[in-house]
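*Asks:* what follows is a predicted protein model with its sequence.
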Amino acid sequence: MKQSDSCLQTGSQTNCLHRHAGWRRRPFFVWVLLSGGLTACSFVQLTDAGNGVAQASSADVVNCQTVGVVSATTRSRALLSRGDGQIREELIVLARNQAATLGANAIVPIGEANNGNQSFRAYKCE
């Protein structure tokens, strides 16, 4: 048995591994698809119920009833570091969705987001 380049000779039979230029580009193409898909997309969707919950300020909810506290968590990194704006938006969407399950129609953040985590006070306003 003798191996030369990318061919293997066994007795009177020779088997060669054929490479073509397209194969070398394929790993790069796959990497581009994966990195773009994982860093540019938001995986959090606002539910119909969450659509009825508004983000408010403390001044907006002075005459509202507190119905609970919701906590939102999202990934602060997905393959590559994600922007603060995208993380903040996902946290708000998650909080709105959760607040809707409590019968709330407004949320107010409690403090700042930290490592993809944030709490919100949920209110029912008339």
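*Replies:* Perfect, I can see it now. Numbering: from 1, shown residues only.
*Asks:* give me the residues contacting the strand or helix carrying I92.
*Replies:* Under the criterion DSSP states H and E, the helix or strand holding I92 is helix 84-101. The list of residues contacting helix 84-101 from outside it, by C-beta atoms under 8 Å, 6 or more residues apart in numbering, reads 42-47, 49-53, 55, 67-68, 70-74, 76, 105-107, 109, 113, 116-118, 120, 122. All C-beta atoms are positioned from the backbone trio N, CA, C, and that covers glycine.
*Asks:* mind checking the pLDDT average for that helix?
*Replies:* On average, the pLDDT along helix 84-101 is 94.
*Asks:* what comes up buried for that helix?
*Replies:* Of the residues in helix 84-101, those buried under the neighbour-count criterion (16 or more other C-beta atoms under 10 Å) are 86-87, 90-100.
*Asks:* from these, which is closest to N63?
*Replies:* Taking C-beta to C-beta as the measure, N63 lies nearest A99 of these, at 17.6 Å.
*Asks:* among the contacts of helix 84-101, name the buried ones.
*Replies:* For the contacts of helix 84-101, a burial check counting by 16+ other C-beta under 10 Å picks out 44, 50, 53, 67, 70, 72, 74, 76, 105-107, 109, 113, 118, 120, 122.
*Asks:* so which of those comes closest to A59?
*Replies:* A106 (11.7 Å).
*Asks:* you'd agree the closest one is up against E126?
*Replies:* No - under the contact definition of C-beta atoms under 8 Å, A106 does not touch E126, with a separation of 10.9 Å.
*Asks:* let me have the buried residues of helix 84-101 in JSON lines, adding distance to A59 as columns.
*Replies:* Written out in JSON lines, the entries for these read as follows (distance: C-beta to C-beta, whole Å):
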{"residue": "Q86", "distance to A59": "27"}
{"residue": "I87", "distance to A59": "25"}
{"residue": "E90", "distance to A59": "25"}
{"residue": "L91", "distance to A59": "21"}
{"residue": "I92", "distance to A59": "18"}
{"residue": "V93", "distance to A59": "23"}
{"residue": "L94", "distance to A59": "24"}
{"residue": "A95", "distance to A59": "19"}
{"residue": "R96", "distance to A59": "19"}
{"residue": "N97", "distance to A59": "24"}
{"residue": "Q98", "distance to A59": "23"}
{"residue": "A99", "distance to A59": "18"}
{"residue": "A100", "distance to A59": "22"}
